[in-house]
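> A structural model of the following input is requested.
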Amino acid sequence: MISNANSGVETAEQNASSSAEINEIGTNMDDSTERNSNHHNHRRNTAGNDNEEQNPVQYVELKKELDLLSGVGLIVGTMIGSGIFISPKGVLNRTGSVAGSLVVWAGCGLLSMLGSLAYCELGTMIPRSGGEYAYLYAAFAEPTKRSFLGPIPAYLFCWTSVFILKSSTVAVIALAFAEYAMAPIFGDCGSPQVLVKLTAIATILLLTVINCYSVKAATGLQNFFMFAKLLALTIIIIGGIVNLAKGRVDVLSEGFHGTTSSPSSFALAFYSGMWAYDGWNNLNLATEELQNPKKNLPRAICIAVPLVTVVYVLTNVSYFTVMSKEQLLASDAVAVTWGDSMLGVMRWIIPLSVAFSTFGAANGSAFGGGRLCFEAAREGHLSKVLSYISIKHFTPSPALLFNSLIAIIMIIPSNISGLIDFFSFAAWFFYGLTMLALIVMRWTKPDAERPIKVPIIIAWVVLMVSVYLVIAPIVEVPEYGYLYAFLIIISGLIFYVPFVYFKYTLKCMDYVTIWCQLFFHVAPEEHHD
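Modelled structure (predicted):
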């Protein structure tokens with residue numbers, strides 16, 4: 001790891017040698033930073049001292065504040081966002097039939113579960129934050145640290161996720177929250193786009209402040225919204241059960257009538273469905289902060305993913321007990337249309353629930369995205385200051401702030417459907433690459449400790465499905481958008497060569513780092529064994 005136990009001392013020495021001015025600023029660090037630095041030096045000089053545990057000063061590091069409930073909340077609360085309220089339209093349109101759409105929803109849940117099981121092995125074998133980034137780095141970069149090609153898969157994932165995938169996810173969900181929050185005010189007139197975007201930006205800023213302030217506050221908020229959105233979906237499911245008891249099965253009885261025969265259409269249907277399932281890997285982004293990850297990571301995954309799958313399938317069944325295919329395809333907000341038909345004067349519950357749902361999903365996405373940015377910076381693939389930690393709140397505040405800044409920038413040219421398609425294409429490329437990393441490490445690290453070891457066929461199945469989801473739409477309906485997506489991914493190599501491989505550092509970064517330390521009260525991470 002690039003950030004080690006001496007990183008705080010080394011950074012201070014390098015900054016001191018850069019100029020007298022920086023040295024003078026550095027000496028004015030507040031008392032809390034000085035205490036952490038002095039304690040770190042004491043540890044270095046008295047390693048192995050049995051009385052070290054009696055020192056009350058805390059290390060500058062991320063704390064293990066995620067319990068099992070918080071782990072489940074981080075997965076469920078991120079998975080259930082705007083997708084289940086919007087994506088049913090996309091899945092039905094691309095499959096062409098009621099039964100076909102239900103099969104896709106169930107298939108997306110099965111695929112998410114298989115991927116999650118593979119991530120259980122990876123997360124317990126490599127208990128570092130960063131998710132896919134950490135696994136790609138361990139599989140391809142660690143065995144060949146001095147090579148040019150080894151770190152590239154992890155770096156390109158970092159580049160694509162930090163600057164496109166995670167930020168676009170937060171942007172899209174924040175915009176969906178703003179749309180639903182403004183709907184009761186403007187009604188059928190439609191909300192002004194400027195106001196929607198300003199609300200989305202305010203939402204991102206609020207969530208960033210909460211996440212920077214406290215991990216417990218962020219996870220507590222996540223747990224609250226998880227239960228709120230599960231309650232809302234339970235209302236929809238109960239309404240569907242009542243309709244089924246009344247014999248409203250006309251639409252469901254259509255079965256597979258009208259099902260498309262196009263492989264690319266099914267791939268795009270999976271794109272829409274998997275958008276709603278996105279977040280099944282979110283806990284792997286914060287493994288280091290999870291209490292007892294070897295037990296709680298697989299437990300949280302095995303509770304959360306099946307729960308969401310069952311809820312999603314039953315919710316779609318409920319939709320079809322109220323709306324015909326044509327009505328569902330004509331609806332811009334399927335859940336709201338369902339509420340208008342079923343809840344009468346209480347129909348306001350659904351828009352409010354959707355707003356709650358999207359707000360919670362945005363919080364979970366911001367939480368995970370910040371950890372990915374933090375881990376990449378810790379390995380030297382982003383600016384080192386992004387791996388610094390708040391000395392008061394023990395949160396990766398620079399990484400969280402940077403991630404939110406990118407998300408705010410992406411709100412300006414908002415196009416939800418375009419962002420979803422690009423997200424799905426790029427995400428499944430890296431999901432497949434992560435499955436390949438698991439397979440590779442079975443050969444390169446056969447003796448590594450694996451508290452959870454899944455059948456290797458699971459990794460192969462997810463890898464093959466990932467290849468299909470990436471290639472099928474391109475072969476069936478070639479579009480320049482996929483070429484642009486690929487070019488954006490590999491464009492990261494422009495920065496990889498000078499800043500990562502040759503380790504070139506801009507001279508101004510010393511001043512930026514010191515300013516960030518003083519302004520945000522952050523310091524380099526300290527490891528201890």
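> Run through the chain and note the low-pLDDT ranges.
1-58, 86-87, 144-146, 187-188, 414-424, 527-529 (pLDDT under 70).
> Do you have the strands of it handy? List them.
389-390, 522-523 (DSSP state E).
> Turn these into CSV, columns for mean neighbour count and distance to residue 443.
For glycine as for every other residue, the C-beta is placed from the backbone atoms N, C-alpha and C. As requested, the strands of the chain are exported to CSV (neighbours: other C-beta atoms under 10 Å; distance: least, C-beta to C-beta, whole Å):
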stretch, mean neighbour count, distance to residue 443
strand 389-390, 22, 36
strand 522-523, 24, 40
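> mind checking which of these is nearest residue 436?
strand 389-390 (32.0 Å; C-beta to C-beta).
> before we move on, the earlier item: any chance of the strands of the chain in JSON lines with distance to residue 508 as columns?
Shown next, in JSON lines, are the strands of the chain (distance: least, C-beta to C-beta, whole Å):
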{"stretch": "strand 389-390", "distance to residue 508": "23"}
{"stretch": "strand 522-523", "distance to residue 508": "18"}
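> Determine which of those approaches residue 186 most closely.
Checking the strands of the chain against residue 186 by C-beta to C-beta gives strand 389-390 as the closest, at 38.9 Å.
> ok, residue 101 - contacts?
88, 91-92, 95, 269, 316 (C-beta atoms under 8 Å, 6 or more residues apart in numbering).
> If we use 6 Å, what do you get?
91-92, 95 (C-beta atoms under 6 Å, 6 or more residues apart in numbering).
> Looking at the residues you listed, spot the one nearest residue 402.
residue 91 (34.0 Å).
> Can you get me a residue count around that closest one?
Residue 91: 27 surrounding residues under other C-beta atoms under 10 Å.
> isn't it right up against residue 274?
No: Residue 91 is beyond contact range of residue 274, at 10.0 Å (criterion: C-beta atoms under 6 Å).
> that older thread, same list (the contacts of residue 101) but as a markdown table, adding distance to residue 157.
Compiled in a markdown table, the contacts of residue 101 are given as follows (distance: C-beta to C-beta, whole Å):
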| residue | distance to residue 157 |
| --- | --- |
| 91 | 27 |
| 92 | 32 |
| 95 | 30 |
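> out of the residues you listed, who's nearest residue 426?
When the contacts of residue 101 are ranked by distance to residue 426 (C-beta to C-beta), residue 91 comes first, at 20.1 Å.
> residue contacts, the closest one?
So residue 91 contacts 101, 104, 269, 272-273 (C-beta under 6 Å, 6+ apart).
> With residue 330 as the reference, measure out to it.
15 Å (C-beta to C-beta, to the nearest Å).
> ditto for residue 317
In terms of C-beta to C-beta, residue 317 sits 20 Å off from residue 330.
> out of the two, which sits in the more crowded spot?
Between residue 317 and residue 330, counted using other C-beta under 10 Å, the more crowded position is residue 317 (21 against 11).
> Is it correct that the more buried one is in contact with residue 240?
Yes: applying C-beta under 6 Å, one finds residue 317 in contact with residue 240, separated by 5.5 Å.
> number of nearby residues for the closest residue to residue 456 other than its chain neighbours?
Excluding the flanking residues, the one nearest residue 456 by C-beta to C-beta, 6 or more residues apart in numbering is residue 442, at 6.3 Å. Residues lying near residue 442 (other C-beta under 10 Å) number 15.
> do the same with the one 5 residues further on
A total of 5 residues lie near residue 447 under the criterion other C-beta under 10 Å.
> and the gap between it and residue 441?
Distance from residue 447 to residue 441, by C-beta to C-beta: 11 Å.
> Check residue 133 too.
For residue 133 relative to residue 441 (C-beta to C-beta), the value is 15 Å.
> go on, residue 79?
Residue 79 is 27 Å from residue 441, by C-beta to C-beta.
> Which residue of the two possesses the greater neighbour count?
residue 79 (28 against 22).
> For that one, give me its contacts.
Applying C-beta under 6 Å, 6+ apart, the residues contacting residue 79 are 277, 279, 308.
> Can you report how many residues lie near the spatially closest residue to residue 196 that is not a sequence neighbour?
Distances taken as C-beta to C-beta, 6+ apart place residue 178 nearest to residue 196, at 4.5 Å, with adjacent residues excluded. By other C-beta under 10 Å, the residues close to residue 178 number 26.
> Is residue 178 in contact with residue 197, as I believe?
No: contact between residue 178 and residue 197 fails when scored by C-beta under 6 Å: they sit 7.2 Å apart.
> The stretch 201-350 of the chain: helices as residue ranges?
In the stretch 201-350 of the chain, the helices defined using DSSP state H, counting those that start in this stretch lie at 215-245, 263-277, 293-320, 325-330, 334-342, 349-378.
> right, so these: which one is the most enclosed?
Across the helices of the stretch 201-350 of the chain, averaging neighbours per residue (mean count of other C-beta atoms under 10 Å) puts helix 349-378 on top, at a mean of 26.
> and that helix, how far out from the chain's middle?
7 Å (C-alpha atoms, centre = their mean, to the nearest Å).
> tell me what that helix is packed against?
On a contact count with 3 or more C-beta pairs under 6 Å, 6 or more residues apart in numbering; DSSP states H and E, helix 349-378 meets helix 68-79, helix 132-136, helix 166-186, helix 193-213, helix 215-245, helix 334-342, helix 397-411.
> which helices and strands sit right next to the longest one?
What it means is helix 215-245. Applying 3+ C-beta pairs under 6 Å, 6+ apart, one finds that helix 215-245 contacts helix 68-79, helix 193-213, helix 293-320, helix 349-378.
> Can you lay out the ones you listed as TSV showing distance to residue 184?
Shown next, in TSV, are these (distance: least, C-beta to C-beta, whole Å):
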stretch	distance to residue 184
helix 68-79	23
helix 193-213	13
helix 293-320	22
helix 349-378	6
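> Nearest approach to residue 411 belongs to which of those helices?
Of all these, helix 193-213 comes closest under C-beta to C-beta, at 5.3 Å.
> re the thing from before, for the strands of the chain, which one sits closest to residue 137?
strand 389-390 (19.9 Å).
> which other residues reach the closest one?
Taking C-beta under 6 Å, 6+ apart as the rule, strand 389-390 contacts 60, 396-397, 522, 525.
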